[in-house]
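# Have a look at this prediction, sequence included:
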Amino acid sequence: GEYVEAIFGFCDIRSFTTATEVLQGNIMLFVNEVGAIVHRVVAEHCGATNKNVGDAFLSVWRLTGRPKKDHTRLAGCSLLS
């Protein structure tokens, strides 16, 4: 492994159980649409969505290898997304 500094963000779909009950067979379409939005917005803010687990998404903004002056900007980007 390799030691890296990074900012991690975690989000999940609010009221997922209710959405599952309402959408039933279409729940995966809904999750995929939300996932596409999460991936796009995180990428637009200089990050990468690293993992999708059911209704949750883990995103990362890698700091290692970037100039120190960019770290504050990346922290802001992580919050915006």
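Ah, there it is. Residues are numbered from 1 along each chain as shown.
# Give me the longest helix you can find in the protein.
helix 27-44 (DSSP state H).
# Tell me the buried residues in that helix?
For helix 27-44, burial by neighbour count (16 or more other C-beta atoms under 10 Å) applies to 27, 30, 31, 34, 35, 38, 39, 42. C-beta coordinates here come from the backbone N, C-alpha and C atoms, glycine included.
# what does that helix contact?
With contact meaning C-beta atoms under 8 Å, 6 or more residues apart in numbering, helix 27-44 is reached by 9, 11, 13, 19-20, 23, 48-49, 52, 54-55, 57, 59, 81.
# Go again with 7 Å.
If you take C-beta atoms under 7 Å, 6 or more residues apart in numbering as the criterion, helix 27-44 is touched by 11, 13, 19, 20, 23, 48, 49, 52, 55, 57, 59, 81.
# Now residue 71: which helix or strand?
helix 68-80 (DSSP states H and E).
# now that helix, how far from the centre of its chain.
In terms of C-alpha atoms, centre = their mean, to the nearest Å, the centre of helix 68-80 is found 15 Å from the chain centre.
# for it, what is the average pLDDT?
The average of the pLDDT scores along helix 68-80 is 92.
# what's that helix packed up against?
Applying 3 or more C-beta pairs under 7 Å, 6 or more residues apart in numbering; DSSP states H and E, one finds that helix 68-80 contacts strand 6-12, strand 56-62.
# just these: most buried one?
Comparing the helices and strands packed on helix 68-80 by mean neighbour count (mean count of other C-beta atoms under 10 Å), strand 56-62 ranks first with a mean of 18.
# what packs against that strand?
With contacts defined as 3+ C-beta pairs under 7 Å, 6+ apart, strand 56-62 has these neighbours: strand 6-12, helix 27-44, strand 48-53, helix 68-80.
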